[in-house]
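*Asks:* my questions are about this predicted structure, shown below with the sequence.
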Amino acid sequence: MELSIKEKAAKAYREKCDITETDSGIPLKNCYTVDDIDPDKLEKKCPLPGTFPYTRGIYENMYRGRLWSRRELCGYASPEVTNERIKFLIDSGESAINFIVDVPTHQGIDSDHPRAKHDIGRQGVPLCTIEDAEHIIKDIPLDKISVNVTTLGVVQPAIYFAAAKKAGFKLESLMGTCVNENLHYGVCGFNPPSFPLTWGWRCCLDFIEFCMKEVPKFNPLSIDVYDYRENGITAPMEVAFAMTTAREYLNALLQRGLDIEKIAPKIATITHSSEINFFEEIAKLRAARRIWANMLKDEFKATSERALRYKFHVHTAGNSLTMQQPLVNTVRIAYEALAAVLGGCQSLHTCSYDEAQGLPTEESHELAIRTQQVLTYETGVTSVADPLGGSYFVEALTDEIESKILEYMEKIEEAGGMRKAVMSGWVDAEIGHVQYEKQKDIESGKKPVIGLNKFRKPMEEEKIMPAHEVPDEMIKKHLENLKKFKQNRNKKMVSESLEQMYLNAKDPNINLGHSAIEAAEAGATMAEMRGTIRLAHNDGFDPFSQVEPEFDASFATE
Amino acid sequence: MSSNNRKIKVLLAKTSLDGHNRGIKVISKWLSDAGMEVIFLGQFLTEEIVVRAAVEEDVDVVGLSFLGGEHLFAAQDMRVEMKKQGLSDDVIFLMGGVIPKEDTVKLKEIGVDMIFLPGTPMEDIVGFINDNVKLGK
């Protein structure tokens, strides 16, 4: 029932805070004192930043040593359009690149596949050929700026590497990151048969090992727990999924005979979320660093600083944004970004306020960077390392959230560890339960969301700007380019390179990194390479069983 | 809930290749809680498969969820399949998800009966279905 202005005034004036727990359900006291922390233990758990177990940050001087990477996710329409947006973002002041492939590419099919038609260039950039990658990276100094390639498996980043080589960059000079994480693929909304935990897992591990040897400045894995979090889970669950996923990769790479001191720094580049529950997010990030350091030291016997330091990229929470009153989202994004920085992130993507409508416009993308720039240059929060360290509340909350994370990690191990828990459907069931409860809290108003269940306006009063449009003519042009590329390539070279890849894929002891780069250079497409790996592992060529190879694949008929 | 003691039967699915399924999973559960019989067919489906299931299961409502900007193409392809497979005009065709507000007009022109944008209260969705399903068919 609508209240009168008089009633509203009286009610607002007397209003008091009724939030008594964090979003994950940790009860909150009215005030925290020295009694909530043990000063002797605190000294051990939270020594100076840059000191084990790094609760207070991984570097002694934090942002005075180096600011976090301001890195906006981008990718849409076609490789050319995406290149223009990347340049626009750099021109607007971003300090690192973050491009994401489109959904068909994620699913391992080229843009000319009949199932791709609705999704080409809609949530990322199509990456089918070396030529696509060349367009994406045109004029970008890949040895001077870090490039995050949001994709997975050995084939897609290899296409990027092949294009970088062609542009004159040495592999050892390339800086950046690749998400390259197989466990979350099926759980977080991708089609499991497109990249199953059988050969897909091998491809991810091959890529990590390949980069450790050949592309030393590149981080070949960024465990993406942001995607889990977006599904509605809690902050402690997010960190527990990160740690137990990392454990799977560490153990698998140790089994390949690699050295923990060299593996760990390559695995400790996690993609976290930052949601709106401010202190819980900060405490979560501080606790994550401590858990990682202890896990690596105690469980994996790592000793080097590089192995014990937990680095992370933060993506502000898309799911916290509303379609209603979209400008309010700029406020949410700013608080979430502030939490990430106070939590000591190494890299940050800030969302755009129009995300509940569609992809960001140039204007909203620019504002997302400006949000980071206000934090960086105006607020002064960068001057002091871990400015919240020693706060009775933040330290107590860090301790509490740490024990919640450890508790949930044990639950995951009881379910067989993260890999088994994913495969058995346990993780999916856990997410389903929590996301339903969360939605119930939003529906009932228990969890207030401004503009949505509190201070909502009638739809006709909403000022919603038009959504960003993906230019269809550029997608058509991309499809024409792909057709031409396929016509003009040397078919014999393509087939030969894929045969070599097939033979290598048949032998689990051969790393697929080299043959993927060579096949990309020879003109094989992404789906052809993926298909070849599929065939070698006795999977059908096409994840959707709709297309046959266009190249001579007689090598696969034994 | 229909008056002849028959549960309203709802088919929910995701077509195209987008996998953002949080919304449709929650809505599946919600409509079940509201007393409807819900079939969540899954994701990454073709329009042909969704419509075939709708015909075979004789549902009252078909609902699709989107996030990746595929909704206009999918709506057109759905209408083509509905005609081809002779799905009854009585079946209510719903869409929801991250869809630009300005596209809702186009979607209605194509033949989508209602589009639920982000932040729609569940009671609105349940109410719309209850009010619009033709009873006793």
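*Replies:* It's in.

*Asks:* hang on, A:Leu388 is in a strand, isn't it?
*Replies:* No - read with DSSP: H, G, I helix; E, B strand; the rest coil, A:Leu388 is coil and lies in no strand.

*Asks:* how close does it sit to A:Arg56?
*Replies:* For A:Leu388, the distance to A:Arg56 (Cβ to Cβ, to the nearest Å) stands at 9 Å. C-beta coordinates here come from the backbone N, C-alpha and C atoms, glycine included.

*Asks:* neighbour count winner among the two?
*Replies:* Counted by other Cβ atoms under 10 Å in any protein chain shown, A:Leu388 and A:Arg56 do not tie: A:Arg56 has more neighbours, with 26 against 19.

*Asks:* and the more buried one, what element?
*Replies:* Using DSSP states H and E, A:Arg56 is not contained in any helix or strand.

*Asks:* list the backbone torsions phi and psi for it.
*Replies:* phi -90, psi 10 (degrees, to the nearest 10).

*Asks:* go ahead and confirm it touches A:Arg290.
*Replies:* No - look at A:Arg56 against A:Arg290 with Cβ atoms under 8 Å: they stay out of range, at 9.4 Å.

*Asks:* so who does residue 114 touch?
*Replies:* Answering for chain A, as no chain was given. By Cβ atoms under 8 Å, 6 or more residues apart in numbering or on different chains, the contact list for A:Pro114 reads A:546-547.

*Asks:* can you look at chain B instead?
*Replies:* Residues near B:Met114 by Cβ under 8 Å, 6+ apart: B:92, B:94-95, B:128, B:132.

*Asks:* now those as TSV including neighbour count and secondary structure?
*Replies:* Shown next, in TSV, are these (neighbours: other Cβ atoms under 10 Å in any protein chain shown; DSSP: H, G, I helix; E, B strand; the rest coil):
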residue	neighbour count	secondary structure
B:Ile92	20	strand
B:Leu94	21	strand
B:Met95	25	strand
B:Phe128	17	helix
B:Asn132	15	helix
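
*Asks:* which of those sits closest to A:Lys492?
*Replies:* Comparing the contacts of B:Met114 against A:Lys492 with Cβ to Cβ picks out B:Met95 as the nearest, at 47.7 Å.

*Asks:* so what's A:Pro471 closest to, chain neighbours aside?
*Replies:* Leaving aside its sequence neighbours, A:Pro471 sits nearest to A:Ala77 (Cβ to Cβ, 6 or more residues apart in numbering or on different chains; 5.6 Å).

*Asks:* A:Ala524 now?
*Replies:* Take A:Ala524 and drop its neighbours on the chain: the residue closest to it by Cβ to Cβ, 6+ apart is A:Val494, 5.1 Å away.

*Asks:* and chain A, which residues reach chain B?
*Replies:* With Cβ under 8 Å from any Cβ of the partner chain as the criterion, chain A comes near chain B at residues A:103-104, A:107, A:115-119, A:122-123, A:188-191, A:230-232, A:319, A:322-324, A:355-359, A:432, A:435-436, A:439, A:443, A:449, A:451-453, A:462, A:464, A:466-467, A:470.

*Asks:* just the buried residues of those residues.
*Replies:* Buried residues within the residues of chain A next to chain B, counting neighbours by 16 or more other Cβ atoms under 10 Å in any protein chain shown: A:103-104, A:107, A:115-119, A:122-123, A:188-191, A:230-232, A:319, A:322-324, A:355-359, A:432, A:435-436, A:439, A:443, A:449, A:451-453, A:464, A:467, A:470.

*Asks:* OK, contacts around the closest residue in space to A:Glu214 that isn't next to it in sequence?
*Replies:* Take A:Glu214 and drop its neighbours on the chain: the residue closest to it by Cβ to Cβ, 6+ apart is A:Leu171, 5.2 Å away. Listed by Cβ under 8 Å, 6+ apart, the contact set of A:Leu171 reads A:161, A:164-165, A:214-215.

*Asks:* point me to the residue of chain B nearest chain A.
*Replies:* B:Gly19 (2.9 Å; Cβ to the nearest Cβ).

*Asks:* just give the number of residues close to that residue.
*Replies:* Counted with other Cβ under 10 Å, residues neighbouring B:Gly19 total 21.

*Asks:* sec struct for it, please.
*Replies:* Assignment for B:Gly19 (three-state DSSP): coil.

*Asks:* assumed A:Arg71 was part of a strand.
*Replies:* Yes - in this structure, A:Arg71 lies within a strand as judged by three-state DSSP.
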